[in-house]
Structures are given as structure tokens and as C-alpha cells.
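Peer 1: model this:
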Amino acid sequence: MTNKCPYSLRPQDLADQLLTDHTKVVNSKKPLCGHYIFETFDHYKLTHSMIRLPLSNDGMTVTNIVIATDYSQTSLQMINKFRQDYQEGLRRRAIA
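Peer 2: Next up is the predicted model:
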């Protein structure tokens with residue numbers, strides 16, 4: 001709850017993808033699932049799966065989107081492996 005718009009996130013590619021995905025949910029009025037891999041600000045890759053569910057105040061217009069992200073043990077292990085692999089790659093480059 002940062003009070004910031006998700007479309008102002010960095011990197012810009014991430015913000016653009018969020019806007020695209022949210023627009024798809026609003027226009028289709030259907031849930032959207034996805035698996036995302038993106039590079040974080042400190043240059044390691046992060047991955048997660050999520051579902052976006054449209055919500056409506058009037059039963060016709062999408063007024064909100066609820067998002068559930070997979071932070072299961074398996075997902076967290078994948079995130080940690082990406083971090084370790086990235087750090088190992090940095091270490092190897094520094095030695096070379």
C-alpha cells in the first residue's frame with residue numbers, strides 16, 4: 001500500500017506490461033492468469049504466477065481488479081534460486 005500508481009513502476013517495461021494486462025481484464029471482463037519473469041532494480045530475475053480477477057460494482061463494468069500472487073514454498077524457492085544464480089554469475093564475472 002504505497003499510494004503509488006503501478007504504471008509508474010520501474011523498469012518501464014514492467015509498468016507497460018501491467019497496464020496491458022489490466023486493460024485486458026477490463027476489456028474482456030474475464031480473469032487473466034500469467035507467469036511473469038522480470039529483472040528487478042538490482043538486476044536479478046524474479047518470477048511469479050498470478051491471477052487477476054475483475055470486480056464490478058454494477059455487474060457490468062469492471063471497477064476494480066483483485067490480484068492473487070503465488071508465494072507458495074515452491075515459488076519462493078524459485079525466487080531464491082534466481083537470486084543465487086544471479087549472484088554466482090556476478091561472482092564468476094568478477095573473477096574472470
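Peer 1: any idea how far residue 79 lies from residue 36?
Peer 2: 12 Å (C-beta to C-beta, to the nearest Å). To be clear about C-beta, it is placed using only N, CA and C from the backbone, and glycine gets the same treatment.
Peer 1: scratch that, residue 57 is what I was asking about
Peer 2: Residue 57 is 28 Å from residue 36, by C-beta to C-beta.
Peer 1: quick one, which of these two is more surrounded?
Peer 2: When neighbours are counted by other C-beta atoms under 10 Å, residue 57 and residue 36 differ, and residue 36 comes out ahead with 14 against 9.
Peer 1: quick one: secondary structure of that one?
Peer 2: strand (DSSP: H, G, I helix; E, B strand; the rest coil).
Peer 1: Is it bridged to anything, and to what?
Peer 2: For residue 36, the beta-bridge partners under DSSP bridges are residue 48.
Peer 1: Hmm, it is touching residue 50, no?
Peer 2: Yes: Residue 36 is in contact with residue 50 according to C-beta atoms under 8 Å; the separation is 7.1 Å.
Peer 1: excluding its backbone neighbours, what's nearest residue 24?
Peer 2: Leaving aside its sequence neighbours, residue 24 sits nearest to residue 32 (C-beta to C-beta, 6 or more residues apart in numbering; 5.6 Å).
Peer 1: contacting residues around that neighbour?
Peer 2: Listed by C-beta atoms under 8 Å, 6 or more residues apart in numbering, the contact partners of residue 32 are 21, 24-25, 51-52.
Peer 1: now, among the residues you listed, which is nearest to residue 10?
Peer 2: residue 21 (17.1 Å; C-beta to C-beta).
Peer 1: pLDDT score for the residue lying closest to the closest one once chain neighbours are set aside?
Peer 2: Nearest residue to residue 21, sequence neighbours excluded (C-beta to C-beta, 6+ apart): residue 32, at 6.0 Å. Residue 32 carries a pLDDT value of 93.
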